[in-house]
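> A structural model of the following input is requested.
(2 chains)
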Amino acid sequence: DAGVTQSPTHLIKTRGQQVTLRCSPKSGHDTVSWYQQALGQGPQFIFQYYEEEERQRGNFPDRFSGHQFPNYSSELNVNALLLGDSALYLCASSLPTSGIGETQYFGPGTRLLVL
Amino acid sequence: GEDVEQSLFLSVREGDSSVINCTYTDSSSTYLYWYKQEPGAGLQLLTYIFSNMDMKQDQRLTVLLNKKDKHLSLRIADTQTGDSAIYFCAEPYSGNTPLVFGKGTRLSVIA
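Sure thing, here's the model as predicted:
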């Protein structure tokens, strides 16, 4: 049973550029959430996708956008990168009808460095 | 849930018990979670507890929940060097998902 996968593992960009990160959910899961984890901090919720639509959003600017595809995989796009966007970006998948709530399973993350 | 608090560091000797504490804010949370993060890695779900439970035991892990004080703890029995990691307490953001995390407790196990 494949877990959550993310690509790429590492990425270096410069300020002002745009980046796209990708996530494939755990087999059987249909909901994908994205989190940003700055160094020394806990993950912060960015947004969640379900049925190809953004279902919930955290306190992040519109520069952060996403997409979910019919196969439940997802992309996170960040435009006009700032130095402060440097972080580990985590994707988590869940299944709303699971017996223990929407327990989230995380991928290994994409480490983004903005120079 | 809006704010989850954890102590930042804990150091224990190999073989001793570790207790990691957490306070949360949303009394309507149905589940509370503990995640483990090893260096350079993603988050691994360790265990969870349903809000109508006071205690849950899973092998070396014991979770205690005090709903009155909104206090959650994770006890690791017979702590091993492989338990060295950052441990995050998390509660749902709204409804049952997604999650609000604490800043994490860095557990160091001394051989």
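> Roughly how far does residue B:73 sit from chain A?
Between residue B:73 and chain A the computed distance is 17 Å (CB to the nearest CB, to the nearest Å). Every C-beta, even on glycine, is put in place using the N, C-alpha and C of the backbone.
> Show the contacting residues for residue A:5.
Each residue near residue A:5 by CB atoms under 8 Å, 6 or more residues apart in numbering or on different chains is listed here: A:23-24, A:107-108.
> how does it look with 10 Å?
Shown in contact with residue A:5 (CB atoms under 10 Å, 6 or more residues apart in numbering or on different chains): A:22-26, A:73, A:91, A:93, A:107-108.
> In helices only, show me the residues you listed.
If you go by DSSP state H, these have nothing in helices.
> so residue B:19, which of the three states?
Three states are possible here, and by DSSP: H, G, I helix; E, B strand; the rest coil the one that applies to residue B:19 is strand.
> near chain B, from the contacts of residue A:5?
Of the residues in these, proximity to chain B by CB under 10 Å from any CB of the partner chain holds for A:91, A:107-108.
> Neighbour-wise, which one of those residues leads?
Within these, residue A:91 tops the neighbour count with 29 neighbours, counted by other CB atoms under 10 Å in any protein chain shown.
> Find the closest residue to chain B in chain A.
Of chain A, the residue with the smallest distance to chain B, taken as CB to the nearest CB, is residue A:42 at 3.4 Å.
> Can you name the residue of chain B nearest chain A?
Per CB to the nearest CB, the residue of chain B with the smallest distance to chain A is residue B:101, at 3.4 Å.
> Quick check: bridge partners of that residue?
According to DSSP bridges, the partner residues bridging residue B:101 are residue B:90.
> Assess the claim that it and residue B:43 are in contact.
Yes - with the criterion set as CB atoms under 10 Å, residue B:101 and residue B:43 qualify as a contacting pair; they are 8.6 Å apart.
> Please consider this matter closed, and thank you.
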